[in-house]
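Visitor: Following is a predicted model, sequence given first.
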Amino acid sequence: MENVNETILAQYANSPSLLTIIAGFNQAIDPAVQIDLFYDQVFNPNTAVGWGLDVWGRIVGVGRVLNVAETGYIGFHEADDGTSVIGGFGYGIFYGGQGSTSNFALTDDAFRTLIFAKAAANLCGGSIAAINDILMRLFSTSGKIWVSETSETILTINHDWTLTPVEAAIIEQSGVLPRPSTVTLAYAKASIS
């Protein structure tokens, strides 16, 4: 603690035993390092990690764990176990057995981006420009993504790359995109040449 002598009552200020005990205690327990660590790992959303980000997620109303839909598998129909078998190679993954769960926990960096997008969604007015800004915050490294008004009741999310299951879950389940009431969201992969 800085300026520990200012916290000692005047009647004890000249007691060498008490001052020695307080000085030793102050050296052993210096809260400055812990306060800086708390600020960096919890209080500052730009540098928070782990539990600190989970706290920020609860504050803005978004969770770290998303339920990701499994993609189709490459394989044969001989063992009909209910898995979906899709077209030839390059369109799926080999079936490796039933997964234990379809839940996916976002990494700290991905969750931080989702937290900032949800915070922006909490403050935005729901305009197309605001939704486009949120989408670009989330997916600016993947490619172009934008919202267009298809009809009075449909907003279409266009993108020029194939969404991963995690990206699709962020758009569909996280609740990060505001939408006016009675308006539904549609998805269309844009063919940009």
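Guide: Okay, I see it.

Visitor: What values do phi and psi take at the one residue sitting closest to the centre of the chain?
Guide: Most central in the chain under CA atoms, centre = their mean is F111, positioned 1.9 Å from the mean C-alpha point. Backbone torsions of F111, given as degrees, to the nearest 10, read phi -70, psi -40.

Visitor: Quick check: A121 is in a helix.
Guide: Yes. Residue state for A121 (DSSP: H, G, I helix; E, B strand; the rest coil) corresponds to a helix.

Visitor: Do I have it right that T150 meets I157?
Guide: No. Assessed by CB atoms under 8 Å, T150 is found out of contact with I157, at 10.2 Å. All C-beta atoms are positioned from the backbone trio N, CA, C, and that covers glycine.

Visitor: got any residues that touch both of these two?
Guide: Common neighbours of T150 and I157 (criterion: CB atoms under 8 Å, 6 or more residues apart in numbering): A186.

Visitor: of these two, who's got more company?
Guide: Between T150 and I157, I157 has the larger neighbour count (other CB atoms under 10 Å), namely 21 against 13.

Visitor: what does the domain assignment say about this structure?
Guide: Split into domains by automatic domain parsing, the chain comes to 4-35, 65-105, 107-189.

Visitor: Format those domains as TSV; extra columns: mean pLDDT.
Guide: Putting the domains of the chain into TSV (pLDDT from 0 to 100) gives the following:
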stretch	mean pLDDT
domain 4-35	83
domain 65-105	57
domain 107-189	81
